[in-house]
Each structure stands twice: as structure tokens, then as C-alpha cells.
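K.L.:
mind folding the following:
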Amino acid sequence: MKEIREWVIAIAIAVVVSLLIRNFVFTLVKVQGESMQPTLQNGDRLYVNRFFYSPQKGDVVIFRPASDPDRPYIKRVIATEGDTVFIDFQTGDVYVNGNIIDEPYIKDKTTRSGEYINNLIANGQYSKDNPIVIEKGKIFVMGDNRNNSKDSRVLGQIPKDELIGGAVFRFWPLSNFGSVSYDVSYLIEDENMNFRIAA
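P.N.:
Purely as a prediction, here's the structure:
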């Protein structure tokens, strides 16, 4: 009986530890849908950091929006608190803090707006001279498949407390093993030339 009791205790401890790790340290997620193509494909599997995670521009994050809590979303962070965002739907360029961000990861240029931005436009609160200002404790996210993604253009700014975590790397399929985040850089036009600078 003593040996059985020791086994039961050991198994119980292992279960508790694994649950704590899963809920507070890291978790594994499976990508569903096409909103992050070409970076992520339907069925890709990611390792997600949850431990004191703080989102940075260029990160791929997983979150549950309050407006649709039944399923997690996966998007890329475009801007964080204090930043400004303006999307030129004529050219498809995305401006953060007045500079065009370099986006080699997207499938197509951004041509579609969404309910959140449409409401700002209707109220005269959106233009290049009057961009979106990201509020404290919030982020602005977009899918890499810009014209097939429900993101901040529709949902608005995402509170950080809705975040599950940040994707550290893709572990499946093995042929695409590696990071999915991106070090943000800007394209600054000078004398008709585009220069890339790190954020």
C-alpha cells in the first residue's frame, strides 16, 4: 500500500506541475485557418511563451478577443501602446509612427479596412494626419494574409489581458522549423530612394 500511495502522490504532483507549466509558462497551439499565410499554414504547430510575456512589434501573438472568446486568434503585432498607426488603403502601405513599415512577410498589400476603421472614418477620426493612437495596455494586430484576416481593422485595439502569449517558434512541420516573429524595420524615403532602418 505504501508503494501504491507513493506512486499516486508522484503522479498527482506530475499532473499539477504540467498544468501549471501549461497555464502559466508555455503552451502548444495548432494554427487553424489562412489568415497568417504565407508565414503560417493551416495545421502548423507553435510553441507559445506565456511567462511574463510582453508583446513587441513584429511578434506573432495568440489572444482571445472579448467579442469572440470561443476561439483563439493568431496575428502579428503591428504597434504597441503609444504608437500611431495609419493604413493607406490606396497604396496598401502601413505607417507606424509616421514611417512605412517593411513587411516582407505579408501575402498581399492591405486593401481592406474593417468595422473599427470604417467607424473612425465615418466620424472624421482617421487620416494620415490623424492616425490611430494605441492606448495604454493595448496593441494593434493584423494577419499576414491581409485581405483574408479578421484583426484590429475589425476588432479594434486588443487589450493585453486578452493575450494568451507570444509564438516563440514553429516546431511542426519540421521542414519549416524556426521563428515566426520579425524584427521590425521602416522604409524611409529620401531623395527617391527607400532605406531600411531597424526599429
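
K.L.:
show me the shaky parts of this structure.
P.N.:
Scanning the chain with the threshold set as pLDDT under 70 gives 1-26, 51, 186-199.

K.L.:
mind naming the longest strand for it?
P.N.:
When secondary structure is assigned using DSSP state E, the longest strand within the chain turns out to be strand 163-172.

K.L.:
next up, the contacts around residue 89.
P.N.:
Residue 89 is in contact with 110-113, counting by CB atoms under 8 Å, 6 or more residues apart in numbering. Backbone N, C-alpha and C define where each C-beta goes, glycine included.

K.L.:
thinking again about what came up before, contacts for the longest strand of the chain?
P.N.:
Against strand 163-172 from outside (CB under 8 Å, 6+ apart): 26-29, 40, 44-50, 53, 55, 59-64, 72, 74, 176-181.

K.L.:
what's the neighbour count on residue 50?
P.N.:
Residues lying near residue 50 (other CB atoms under 10 Å) number 17.

K.L.:
thought it was touching residue 28?
P.N.:
No: judged on CB atoms under 8 Å, residue 50 makes no contact with residue 28 at a distance of 11.1 Å.

K.L.:
tell me how many other residues crowd the residue lying closest to residue 120 once chain neighbours are set aside.
P.N.:
Nearest non-adjacent residue to residue 120, counting by CB to CB, 6 or more residues apart in numbering: residue 126, 3.8 Å away. For residue 126, the count of nearby residues is 20 (other CB under 10 Å).

K.L.:
residues contacting residue 126?
P.N.:
86, 117, 120, 132.

K.L.:
out of those residues, which are inside helices?
P.N.:
When DSSP state H is applied, these are split such that 117, 120 fall in helices.

K.L.:
just the contacts of residue 126 now: which is nearest residue 148?
P.N.:
Nearest to residue 148 among those: residue 117, at 16.5 Å, using CB to CB.

K.L.:
compute the first-to-last residue distance for stretch 121-139.
P.N.:
Chord length of stretch 121-139, first to last residue, is 20 Å (CA to CA, to the nearest Å).

K.L.:
sorry, that was for stretch 96-108
P.N.:
Per CA to CA, stretch 96-108 runs 18 Å from first to last residue.

K.L.:
buried ones in that stretch, by neighbour count?
P.N.:
Neighbour-count burial for stretch 96-108 flags 96, 99-103, 105-107 (criterion: 16 or more other CB atoms under 10 Å).

K.L.:
same question, stretch 116-125
P.N.:
116-117, 120.

K.L.:
just the helices from this protein, written as ranges.
P.N.:
For the chain, the helices defined by DSSP H occupy 2-24, 115-122, 152-155.

K.L.:
chain center to the last one: distance?
P.N.:
The gap between the average C-alpha position of helix 152-155 and the chain average comes to 12 Å, counting by CA atoms, centre = their mean, to the nearest Å.
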